[in-house]
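Engineer: what would the 3D arrangement of this be:
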Amino acid sequence: MMGKPFIEQLKASWKQIGIICLVIVYIAINIFHIGGDAFVLTLNNNLSDPLALWITILAFMSWRQLAPRGQNRIYWAGLTIGWALWTIAEFWWGIAALVRKDIPYPSGADFFWAAGFIPLYIAILVRFRTLPRKISSLQRAGIWGSILATLASTIFFVLIPMIRANRPVVALENVLNITYPIMDMLLLILVLRILFIYQQGIYGRAWGWLSAGFVVQAISNLVFSYATTNNLFYPNGHATLLSTIGIDVPYNLSYLCWLIGLFIVRDVQINHRIIQDVDTHPLLKLVPNTHILVFTKADDTVINVSRNFTIAFSLETANGKTIQQTLGIASDEADSILQVLKADNILKERQIVVSSRWGQREAWISGITTQDPSRTYSGIILLIRMFTEDYALDELLTAYQRGVMNSLLTLTGTREKDEEEIKELLLNYYLAFLKRFYNRIIAEGGGIMADGFLTEMKSVARQHGWPILFQPRTLLDISVLSLSTTRVALPIIFETARHFVIRITDEETADLIVQNVRSHFEEPVLRSVSHFEKANI
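Structural biologist: As a prediction, the model looks like this:
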């Protein structure tokens, strides 16, 4: 079991290494013209065809995974349609390059390339609106710097030379010559704004690759426009570094960037699935909320009890009684408790059944022995933990008794168990809500939005310095949190999740989910959760 994650990471690393090796080989072919100019030109003309087809298929699959009313569906539809149109253009161009030496310009491929920009613009604009509006000064400087550099380069090195080279007899060609770089420039400006804004989570990383693909291709297209204007693109059929490394290589690598991004998106969609047991709410275990002390002397009869004893037990006085009589437990159980204490001087907590004022009740008992100044056995102190309907019983303890209680909790190791039980109660309670929120998010926007849901909770946890793990199957792991941190963290995580649902749907929907989940819990559970969120034990 321990080796499985390592093996999976190893497989993933080999995939990455394989891709890197193929890219290096491809770049080397273009730098050193391996196979000759004709081979390099044919490779570059046709490499994008299978990549484009693969991208269109993956984009369509991702779009199909989204809910009909999901906000992500709009820009994924735009991406799918845009890439589909470009795929048709790629195959048109590739086939034309194989069957004839000179491809007419403009051709049918140009129609599909130009048409593909429109849905891609729409997709990127919609995506941009979903990103955070607040950006740092460094991000703002990067965005404006890149935009100004793009505008200046396009105008001075591409548009002005093209306008000067216009031939009045070929009006459509002139229009396309000007339109293509303008469309590439606008696309580059839009995508650069997305690229410079930090996007969290796995889906954010996917969009980093997708944005990089658009940036690289737009730059390649602008360099292509410059090269064709100056007759530098494969002059006389010869492969030059400008034609290969400056244009074709980044152009084809842009498709690889999109492909990597889409694979990440598919992983996100596959990993995020509806949680099936969401309506089977856990039977939350009520945590003991009452701590009772029993003191005995050397003859093992009771000499004192804590002030809350007489409320939990029906005895008017326990003084002079045996442990068996005081707690109403079986004689063999009482003998076993005394034997362990006298042998080990400490009793780790064990489960017992006591005769309380409300009948037979499950309880947990631990304790230590006491000694007189001569180190002779002088009795025992027992700590009994049990659940009662009265949450105020521990408030009856005196300062001394509370100090003894805390000492026993620590010495017997019961405190850790006590805190873990409270953590488990709080976690399972809040998980019931989070699972319903998570399922609603998947129903609205699929795995992509579910990743954003977890990412937003992760961001809040990171801001507070809480080392909480968030994952699709279990949602969150708080095992390393202390109880005090858990009490603070879970309500905040809950509110973060609730507000995410409100943004995606509306406040009424979020409130209905909360009301529905709460209705499955009985009143003692709700009171117990409320108590332990605030209590300091």
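Engineer: in the protein, which spans are strands?
Structural biologist: Here the chain has its strands, by DSSP state E, at 290-296, 302-305, 346-356, 359-371, 377-386, 469-471, 475-477.
Engineer: where in the protein is pLDDT low?
Structural biologist: Per-residue confidence for the chain (pLDDT under 70) gives these ranges: 1-13, 67-71, 100-104, 131-134, 166-171, 198-201, 278-283, 535-537.
Engineer: for the residue of it most remote from its centre, what are its contacts?
Structural biologist: Within the chain, the residue lying farthest from the chain centre (Cα atoms, centre = their mean) is residue 374, at 61.2 Å. By Cβ atoms under 8 Å, 6 or more residues apart in numbering, the contact set of residue 374 is empty. Glycine gets a C-beta too; all of them are placed from N, C-alpha and C.
Engineer: state the phi and psi torsions of it.
Structural biologist: phi -90, psi 10 (degrees, to the nearest 10).
Engineer: contacting residues around residue 331?
Structural biologist: residue 324.
Engineer: run the last query once more with 10 Å
Structural biologist: With contacts defined as Cβ atoms under 10 Å, 6 or more residues apart in numbering, residue 331 is in contact with 322-325.
Engineer: likewise residue 154?
Structural biologist: 160, 181-182, 184-186, 188-189, 218, 222, 225-226.
Engineer: for it, which non-adjacent residue is closest in space?
Structural biologist: In this structure, residue 154 finds its nearest non-sequential neighbour in residue 185, 4.4 Å apart by Cβ to Cβ, 6 or more residues apart in numbering.
Engineer: was I right about that neighbour contacting residue 157?
Structural biologist: No - look at residue 185 against residue 157 with Cβ atoms under 10 Å: they stay out of range, at 11.3 Å.
Engineer: quickly note the distance from the residue nearest to residue 154 to residue 178.
Structural biologist: 11 Å (Cβ to Cβ, to the nearest Å).
Engineer: now do the shared contacts for those two.
Structural biologist: 158-159, 225.
Engineer: which residues are common contacts for residue 185 and residue 157?
Structural biologist: 222, 225.
Engineer: which of these two has more residues huddled nearby?
Structural biologist: Using other Cβ atoms under 10 Å, the more surrounded residue of residue 185 and residue 157 is residue 185, with 22 against 17.
Engineer: how about the contacts made by that one?
Structural biologist: 147, 150-151, 153-155, 158-159, 218, 221-222, 225 are the contacts of residue 185 under Cβ under 10 Å, 6+ apart.
Engineer: now with 7 Å?
Structural biologist: 150, 154, 222 (Cβ atoms under 7 Å, 6 or more residues apart in numbering).
Engineer: counting neighbours, what do you get for the last one?
Structural biologist: Counted with other Cβ under 10 Å, residues neighbouring residue 222 total 22.
Engineer: and residue 475, how far is that from residue 311?
Structural biologist: Distance from residue 475 to residue 311, by Cβ to Cβ: 40 Å.
Engineer: which one of those two is surrounded by more residues?
Structural biologist: residue 475 (22 against 16).
Engineer: what's the burial count for the nearest residue to the more buried one once chain neighbours are set aside?
Structural biologist: Once flanking residues are discounted, residue 475 sits nearest to residue 434: 5.3 Å by Cβ to Cβ, 6+ apart. For residue 434, the count of nearby residues is 25 (other Cβ under 10 Å).
Engineer: wait, doesn't residue 434 sit right on residue 495?
Structural biologist: No - at 11.3 Å, residue 434 does not count as touching residue 495 under the criterion of Cβ atoms under 7 Å.
Engineer: separate out the buried members of the shared contacts of residue 185 and residue 178.
Structural biologist: The neighbour-count test (16 or more other Cβ atoms under 10 Å) marks 158-159, 225 as buried among the shared contacts of residue 185 and residue 178.
Engineer: any idea which of those is closest to residue 63?
Structural biologist: residue 225 (30.9 Å; Cβ to Cβ).
Engineer: how about the contacts made by the closest residue to residue 404 other than its chain neighbours?
Structural biologist: Of all residues not flanking residue 404 in the chain, residue 293 sits nearest, at 6.0 Å (Cβ to Cβ, 6+ apart). By Cβ under 7 Å, 6+ apart, the contact set of residue 293 is 305-306, 381, 383, 401, 404-405.
Engineer: and if we set it to 6 Å?
Structural biologist: 306, 401, 404 (Cβ atoms under 6 Å, 6 or more residues apart in numbering).
Engineer: what does residue 430 give?
Structural biologist: So residue 430 contacts 490, 494 (Cβ under 6 Å, 6+ apart).
Engineer: any idea how far residue 174 is from it?
Structural biologist: Distance from residue 430 to residue 174, by Cβ to Cβ: 64 Å.
Engineer: how about the backbone phi and psi for the closest residue to residue 425 other than its chain neighbours?
Structural biologist: Distance criterion Cβ to Cβ, 6+ apart; nearest residue to residue 425, sequence neighbours excluded, is residue 287 at 5.2 Å. Main-chain dihedrals, residue 287, degrees, to the nearest 10: phi -80, psi 140.
Engineer: count the neighbours of residue 519 for me.
Structural biologist: Residue 519 has 8 nearby residues by other Cβ under 10 Å.
Engineer: meant to ask about residue 260
Structural biologist: 19.
Engineer: tell me which residues touch it, please.
Structural biologist: By Cβ under 6 Å, 6+ apart, the neighbours of residue 260 are residue 209.
Engineer: next, find the distance separating residue 391 from residue 424.
Structural biologist: 19 Å.
Engineer: again, but for residue 95
Structural biologist: Counting by Cβ to Cβ, the gap from residue 95 to residue 424 is 64 Å.
Engineer: residues contacting stretch 114-125, please?
Structural biologist: Counting by Cβ under 6 Å, 6+ apart, residues outside stretch 114-125 touching it are 75, 78-79, 81-82, 85-86, 183, 190.
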